[in-house]
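Undergrad: Would you be able to build a 3D model of this:
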Amino acid sequence: MTEIKIRETDEFIKLGQLMKKANWVSSGVEAKIYIQDGEVMVNGEVDTRRGRKLYDGDVVEYNGETVKVVR
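TA: Alright, predicted model coming up:
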(Lines give C-alpha, C1' and ligand atoms only; values in the text may rest on other atoms or scores of the structure.)
Protein backbone atom coordinates (compact mmCIF):
# COMPACT_ATOMS: atom_id res chain seq x y z
CA MET A 1 0.00 0.00 0.00
CA THR A 2 1.35 3.38 -1.02
CA GLU A 3 1.02 6.40 1.26
CA ILE A 4 -0.01 9.88 0.12
CA LYS A 5 1.11 12.62 2.48
CA ILE A 6 -1.10 15.65 3.17
CA ARG A 7 0.67 19.00 3.39
CA GLU A 8 1.34 19.87 7.02
CA THR A 9 -0.77 23.02 6.70
CA ASP A 10 -3.78 21.06 5.42
CA GLU A 11 -6.25 19.03 7.46
CA PHE A 12 -7.51 17.02 4.46
CA ILE A 13 -7.09 16.35 0.74
CA LYS A 14 -9.99 16.04 -1.69
CA LEU A 15 -10.53 12.78 -3.54
CA GLY A 16 -9.90 14.25 -7.01
CA GLN A 17 -6.66 15.84 -5.79
CA LEU A 18 -5.51 12.57 -4.27
CA MET A 19 -6.10 10.75 -7.56
CA LYS A 20 -3.89 13.29 -9.35
CA LYS A 21 -1.22 13.12 -6.64
CA ALA A 22 -1.19 9.30 -6.86
CA ASN A 23 -0.69 9.62 -10.65
CA TRP A 24 -3.91 7.69 -11.29
CA VAL A 25 -5.27 10.47 -13.51
CA SER A 26 -3.83 13.48 -15.31
CA SER A 27 -6.67 15.92 -14.69
CA GLY A 28 -9.56 16.72 -12.40
CA VAL A 29 -11.99 16.06 -15.25
CA GLU A 30 -10.60 12.54 -15.69
CA ALA A 31 -10.86 11.95 -11.92
CA LYS A 32 -14.46 13.17 -11.96
CA ILE A 33 -15.42 10.63 -14.62
CA TYR A 34 -13.95 7.65 -12.75
CA ILE A 35 -15.39 8.80 -9.43
CA GLN A 36 -18.89 9.39 -10.82
CA ASP A 37 -18.78 6.00 -12.58
CA GLY A 38 -18.32 4.36 -9.17
CA GLU A 39 -14.81 3.09 -9.88
CA VAL A 40 -13.25 4.54 -6.71
CA MET A 41 -13.62 3.14 -3.20
CA VAL A 42 -12.96 5.05 0.01
CA ASN A 43 -12.56 2.98 3.17
CA GLY A 44 -14.08 -0.04 1.44
CA GLU A 45 -17.15 1.72 0.01
CA VAL A 46 -17.83 3.25 -3.40
CA ASP A 47 -17.85 7.05 -3.20
CA THR A 48 -19.08 9.19 -6.09
CA ARG A 49 -18.15 12.59 -4.63
CA ARG A 50 -15.09 14.16 -6.26
CA GLY A 51 -14.92 16.70 -3.44
CA ARG A 52 -14.94 14.01 -0.71
CA LYS A 53 -12.57 15.16 2.01
CA LEU A 54 -9.98 12.55 2.97
CA TYR A 55 -8.24 12.64 6.33
CA ASP A 56 -5.28 10.87 7.94
CA GLY A 57 -5.89 7.12 7.87
CA ASP A 58 -8.41 7.04 5.00
CA VAL A 59 -7.75 4.34 2.39
CA VAL A 60 -8.59 4.82 -1.29
CA GLU A 61 -8.72 2.08 -3.92
CA TYR A 62 -8.79 2.51 -7.69
CA ASN A 63 -7.93 0.20 -10.59
CA GLY A 64 -6.32 -2.44 -8.36
CA GLU A 65 -4.14 0.05 -6.49
CA THR A 66 -4.50 1.23 -2.91
CA VAL A 67 -3.22 4.35 -1.17
CA LYS A 68 -3.47 5.48 2.43
CA VAL A 69 -3.71 9.14 3.43
CA VAL A 70 -1.13 10.16 6.02
CA ARG A 71 -0.43 13.43 7.73
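Undergrad: need the longest helix for the chain.
TA: helix 28-36 (DSSP state H).
Undergrad: Okay, buried residues for that one please.
TA: Residues of helix 28-36 classed as buried: 31-32, 34-35 (neighbour count, 16 or more other C-beta atoms under 10 Å). (C-beta placed from N, C-alpha, C; glycine too.)
Undergrad: Okay, now the sheet partners of the helix or strand following it, with direction.
TA: Next along the chain after helix 28-36, taking DSSP states H and E as the criterion, comes strand 40-42. Strand pairing for strand 40-42, determined by DSSP bridges: strand 45-46 (antiparallel), strand 59-62 (antiparallel).
Undergrad: of these, which approaches R7 most closely?
TA: strand 59-62 (17.1 Å; C-beta to C-beta).
Undergrad: which outside residues touch the helix or strand that that closest one is followed by?
TA: Using DSSP H and E, the helix or strand that follows strand 59-62 in sequence is strand 65-70. The contact list for strand 65-70 (C-beta atoms under 8 Å, 6 or more residues apart in numbering) reads 1-6, 13, 18, 22, 24, 54-60.
Undergrad: Name every strand pairing with strand 65-70 and say which way it goes.
TA: strand 2-5 (parallel), strand 59-62 (antiparallel).
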